[in-house]
Structures are given as structure tokens and as C-alpha cells.
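> Coordinates for the following, if possible.
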Amino acid sequence: MVGVGTWAPVLHTDGMPRMPFRTRALATLMRRGIFPSIATMDLAAIQRSRARRLPAGAPVSWVVGKVPRDLDISVVWFPTRDGSQRQARVYRPAGTRPSQGWPVVCYFHGGGFVLGSIVQSDPICAHLASAIPALVVSIDYRLAPEHPAPAGIDDCVDALHWLAQDAAEFGADPTRLAVAGDSAGATLSTLAAIRLRDEGGPRLAHQALIYPATDLSQTFPSIREHAHAPVLDKAALDAFLVHYLGGSGIAADDPRVSPYFTPDLTGLPPALVQTADLDPLRDEGLAYADRLSAAGVPVRVTNYLGTVHGFLSFPGATVVGHQARLELVTELRRHLT
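Below is the predicted model of the structure:
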């Protein structure tokens, strides 16, 4: 296990932590307003951001990765507990389907519980579907501020129940079901895993948690150490929490939204936890991995040096993104096949 401790970043003269040139270049573009900060966005801007689609070809694909052309991608609807329906984006791998059906990865996108979309997650979801290979289903859960907590969590749990029941209709094996997500999606993944354990199933084979937020009360040292980090800073974290928890009546340290404070973590599925060393969320991700391990849950944890929050979504702008994707695929494949 990687322990949690204090760490003082080495800064360049421009105030940014030391990181590879390609990552610094992306961070500089983002600081200059290529993407607006959530701290300055009103609801109309938030909704425009969710609807944004990046170009599929070069040079964008050099940064975020390509979507394999031989994948079959479709949109389906699944039922939720309130009688409504939500969208899911389904990625079917090419090639001959195994006799027992494809394993299933249920993916929850990042975006601070406010931003992001299933379409914007095409590169990573398509990569997982092709590389494992597996049926990957990306869930369009409800987002704040229109739908504060716990609406999104409920949607994720409902999606997993739906998948476990109907996976065979997609040529998939419901007994080999994993959750995966990045950032807020990783938080939802582990909260869903806890809920399924407490509610008696369905059983998950694995949980892949990519730089998760596990303590929304922001008590760990890296929140202060990287308060002005590229990509995700404390101002953005604070704004996300206002949208997500405002009006919910749920405190930031409530286990319903902060899995680190769940009293008992025994019986959860094996986990992969990936963190970024220059990320405000680093310490809480590592601390949650420590708590899982102490509870007897098999855990693999990797803290990637010299990189920032979100690095798996732009592997071409890092020197570790492709390695992290290989680790993610390897762990999911090992537990699903």
C-alpha cells in the first residue's frame, strides 16, 4: 500500500508544480480559459459545457485517445426507482462473443457531480471495451445543481440493478459485473458498491476508482498543498460542492456522499485506486485505499507522479496516461475474466 503523508511540491517560476512539458502545456491552456472554471459558471454555462463534444480526429485524438472504429456504440434507456428512465451509452467490442457472454463494466463519468456527459467519455469507455474486451455501459446519471445528492447515486445503483437483470439481452454475463469511474464517477462507483453490499446485491467483481473524491469535507493535507493545482483547484472543488450538496440536507462528511466515513468497509469488491500526485484529491484517495485494505478488501493502489487530476482523460498530454490505462485494463480483465 502507498501511505499517506505530507508533501511539498517543487514549483517553477510561473507557480505551477514541476511536471512534464506536455502536461504543463495543457495546464497553461486551461489556465488561459480554454475551458471556463466551474467557479465562474452559471447554470446556462454549465448546461452548455455538458453538451460540448470534442472533435473526434487529430489533433484532439492525440491528447484524449482514439475511439476504435470497429466498436458498436448505441444508446439505450434504463428504468429508475421514481418510474422515469435515464440514458446509457453501450459499447460492444468487436470480435466473436464468448460463449458465456461478455463481461460488463458499468462506467460513471467524472465532472464534479455537475459537469461531464456520456458522450464526452467516449475515448476512455471505448478503450476499455476494446482492450479488455468487455461490454461497457456508461450511465447518464442526474447532475447537480438541478438534481443535488443523492439523485445521481440513486441512478447509479438503479443502473447496476438493471444491468444485473438485463445484461443477457446485450450478450453479456451479469455474473461478471464491475464498476469503474473517474473523479466524481469514482466516488459514485464506490458509493454504489457500498449500497449494493448493504442491499444484498447484485455482487460486483471489481471496483476501479480513478482519482476518487472520498472525503467531501476536505480534511486531508493535499487539498491545501494543491489548492491552486492545474485542472482542479480548491475554488473549483468548493463550487462543485455548493451545487452538489446545496439544498440536499446532506453534510459533506455524511457517508452517503463521502465513502471514507463509511464505518464498515468489509465485504466490498476488490479495488484498483489510481491517484495523481499533483491533485488536491490525492490524499483522500490513498487514505480510502488504506481503509479498504485494513478491512480485508484486496486493493491495488498507484499514485502517479508528475501528473494532475484528470490525467486518464488526456493520456497524450502526460507521460503516465498510457501506463495508467494499461493498469486499469489489466486489473479489470484479471477480475472479470
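> What segments of the stretch 201-337 of the chain are strands?
206-210, 271-276, 299-304 (DSSP state E, counting those that start in this stretch).
> Distance to residue 72 for those - can I get that in a markdown table?
All C-beta atoms are positioned from the backbone trio N, CA, C, and that covers glycine. Formatted as a markdown table, these follow (distance: least, Cβ to Cβ, whole Å):
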| stretch | distance to residue 72 |
| --- | --- |
| strand 206-210 | 23 |
| strand 271-276 | 26 |
| strand 299-304 | 31 |
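> For those strands, give me JSON lines that also has mean pLDDT and distance to residue 283.
Compiled in JSON lines, these are given as follows (pLDDT from 0 to 100; distance: least, Cβ to Cβ, whole Å):
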{"stretch": "strand 206-210", "mean pLDDT": "98", "distance to residue 283": "14"}
{"stretch": "strand 271-276", "mean pLDDT": "98", "distance to residue 283": "8"}
{"stretch": "strand 299-304", "mean pLDDT": "98", "distance to residue 283": "10"}
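> now those strands in TSV, with mean neighbour count and distance to residue 95?
Putting those into TSV (neighbours: other Cβ atoms under 10 Å; distance: least, Cβ to Cβ, whole Å) gives the following:
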stretch	mean neighbour count	distance to residue 95
strand 206-210	28	22
strand 271-276	27	25
strand 299-304	20	27
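> Just grab the bridge partners of residue 105 for me.
Per DSSP bridges, the residues bridged to residue 105 are residue 136, residue 178.
> Then residue 74?
Under DSSP bridges, the beta-bridge partners of residue 74 are residue 90.
> Repeat that for the one 5 residues further on.
The residues paired with residue 79 through beta bridges, assigned by DSSP bridges, are residue 85.
> Which of the strands of the stretch 201-337 of the chain sits closest to residue 256?
The minimum distance between residue 256 and the strands of the stretch 201-337 of the chain falls on strand 206-210, with 17.3 Å, by Cβ to Cβ.
> what's the angle from the closest one to strand 299-304?
Calculated by axes from the mean of the first three to the mean of the last three Cα atoms, to 10 degrees, strand 206-210 forms an angle of 20 degrees with strand 299-304.
> who does strand 206-210 pair up with?
The pairing partners recorded for strand 206-210 under DSSP bridges are strand 172-182 (parallel), strand 271-276 (parallel).
> For residue 196, which of those is the nearest?
strand 172-182 (8.9 Å).
> Mind listing what's buried along the next helix or strand after that closest one?
Using DSSP states H and E, the helix or strand that follows strand 172-182 towards the C-terminus is helix 184-199. Neighbour-count burial for helix 184-199 flags 184-197 (criterion: 16 or more other Cβ atoms under 10 Å).
> can those residues go into a markdown table with extra columns for pLDDT and distance to residue 320?
Below are those laid out as a markdown table (pLDDT from 0 to 100; distance: Cβ to Cβ, whole Å):
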| residue | pLDDT | distance to residue 320 |
| --- | --- | --- |
| 184 | 98 | 21 |
| 185 | 98 | 20 |
| 186 | 98 | 17 |
| 187 | 98 | 22 |
| 188 | 98 | 24 |
| 189 | 98 | 21 |
| 190 | 98 | 22 |
| 191 | 98 | 27 |
| 192 | 98 | 27 |
| 193 | 98 | 26 |
| 194 | 98 | 29 |
| 195 | 98 | 32 |
| 196 | 98 | 31 |
| 197 | 98 | 32 |
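> show me where pLDDT drops low in this structure?
Residues of the chain that meet the criterion pLDDT under 70 lie in 1-17, 21-22, 25-26, 28-34.
> Nearest the geometric middle of it, what residue?
Centroid check for the chain by Cα atoms, centre = their mean gives residue 182 as the closest residue, at 1.5 Å.
> ok, residue 294 - how many residues close by?
Per other Cβ atoms under 10 Å, the neighbour tally for residue 294 reads 12.
> Tell me the spatial nearest neighbour of it, not counting adjacent residues.
Distance criterion Cβ to Cβ, 6 or more residues apart in numbering; nearest residue to residue 294, sequence neighbours excluded, is residue 265 at 7.9 Å.
> Roughly how far does the one you found sit from residue 195?
Distance of residue 265 to residue 195, computed by Cβ to Cβ, to the nearest Å: 13 Å.
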